[in-house]
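Coordinates for the following, if possible.
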Amino acid sequence: MKTVLFVCVHNSGRSQMAEAFFNHYAGGKARAISAGTSPANAVNPTVVEAMREAGIDISGNKPKLLTPDLMDRADMVITMGCGPEAACPATWVETEDWALEDPAGQPLEKVREIRDEVRLRVLKLIEETGEFKPTLLI
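The predicted structure is shown next:
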């Protein structure tokens, strides 16, 4: 099974949303995990609320530290808007960067916009792999 690793610095917002959307829409035909180079203590509560509105509960998720083992298990790595100065990491494998705004400190309305952009990019990623079609459960 193909594994996509979504990486950001704190693993408390964008990468958590991407992981959840990917696993929701991939229908078990591939999987996603997420991690951060400097994980926060908890997932951003505004992100949890925005995802709950989208029908996905990530309230039990915990930010995880990016490790070499997670990198080794990934078939694809996507960083979430980390610039070179942001200590985003995945330099030892080929990566793609999604230049997304950080939801930290943003109002719910802005987090919804970021959430919707993450969802669109995840659906496009799933479709582009060609190995499986997204399961649209809206």
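
next one: the lowest-mean-pLDDT helix or strand in the chain to chain centre, how far?
Least confident element among the helices and strands of the chain, by mean pLDDT, DSSP states H and E: strand 95-97 (a mean of 79). Taking the mean of its C-alpha atoms, strand 95-97 sits 12 Å from the chain's own mean (CA atoms, centre = their mean, to the nearest Å).

do you know how far residue 63 is from residue 127?
28 Å (CB to CB, to the nearest Å). Any C-beta I mention is one placed from the backbone N, CA and C, and that applies to glycine too.

now residue 3
From residue 3 to residue 127 the distance is 18 Å (CB to CB).

quick revisit: what helices or strands is the least confident helix or strand of the chain leaning on?
strand 76-79 (3 or more CB pairs under 8 Å, 6 or more residues apart in numbering; DSSP states H and E).

just for this structure, where's the confidence low?
Regions of the chain meeting the criterion pLDDT under 70 cover residues 82-94, 130-138.

from the chain's centre, how far out does the longest helix along the chain sit?
Ranked by residue count under DSSP state H, the longest helix found in the chain is helix 108-129. The chain centroid and the centroid of helix 108-129 are separated by 9 Å, computed with CA atoms, centre = their mean.

Which elements pack onto that helix?
Here helix 108-129 touches helix 14-25, helix 45-53, going by 3+ CB pairs under 8 Å, 6+ apart.

In CSV: those helices, plus mean neighbour count and distance to residue 97.
Below are the helices and strands packed on helix 108-129 laid out as CSV (neighbours: other CB atoms under 10 Å; distance: least, CB to CB, whole Å):
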stretch, mean neighbour count, distance to residue 97
helix 14-25, 26, 11
helix 45-53, 19, 19
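
Mind checking those for the one nearest to residue 117?
helix 14-25 (9.2 Å; CB to CB).

picking that back up, which among the helices and strands packed on helix 108-129 is found nearest to residue 81?
Of the helices and strands packed on helix 108-129, nearest to residue 81 by CB to CB is helix 14-25, at 6.6 Å.
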